[in-house]
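Trainee: any chance you could fold what I've pasted below:
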Amino acid sequence: MEFALTATNQQDLLERLRTLAIRQRMSLGVMHSAAPADFALLMAAAAHAFAPGRAYTEPEVNACLRAWLAGAGAMLDVDHVELRRWLVDTGVLARDGFGRAYAHGAPGPAIEAAVRSLAGADLAALVRDARGAEAVRRDARRTQWAKRPESPG
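Mentor: Numbering: from 1, shown residues only. So this is what the prediction gives:
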């Protein structure tokens, strides 16, 4: 299945990822059908958890995905097992016939273009900074709300 991304340049993709980063508990299943471009972007971002040209055992893949979900994938409501399945199903990761070795796969053109466009970006820092800035904005709004004058009642 191919996903259309309207932007393939790094700056536009990073800005969209920054927007997605401030969300909470996003479901990949819902995104897959409701927001296929965002789904493709997140699959491409997750691909960066793995070094090109290296084979991984399943425990290594699981460790990489857990770390990615704690950092750049923090907006997702998914465990490493479900994410691994999505990555294999979309071709981002290829698995040997025995399920013992994983490596970069051959995703569709949109995901592959996004993988290339995101190269070199510190996605974990981008997500951490976006989430931190959003927390500051929320705290400021909360403070303003608490300072509002009581309405006569």
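Trainee: show the pLDDT at M31.
Mentor: At M31, the pLDDT value in this model is 79.
Trainee: do T90 as well
Mentor: Here, the pLDDT recorded for T90 equals 95.
Trainee: contact partners for it?
Mentor: M1, M43, P107, G108, I111 (CB atoms under 8 Å, 6 or more residues apart in numbering). No exception for glycine: its C-beta is placed from N, CA and C like everyone else's.
Trainee: repeat for A44
Mentor: By CB under 8 Å, 6+ apart, A44 lies in contact with L13, V92, P107, I111, E112, A114, V115, S117, L118.
Trainee: and it, what element?
Mentor: Taking DSSP states H and E as the criterion, A44 maps to helix 36-47.
Trainee: same for whichever helix or strand comes after that helix, what does it pack against?
Mentor: Toward the C-terminal end, the helix or strand that comes next after helix 36-47 (DSSP H and E) is strand 56-57. Judged by 3 or more CB pairs under 8 Å, 6 or more residues apart in numbering; DSSP states H and E, the packing partners of strand 56-57 are strand 101-104.
Trainee: and the helix or strand that the strand it packs on is followed by, how far out from the chain middle?
Mentor: Downstream of strand 101-104, the first helix or strand assigned by DSSP H and E is helix 109-118. Centre-to-centre, helix 109-118 and its host chain are 13 Å apart (CA atoms, centre = their mean, to the nearest Å).
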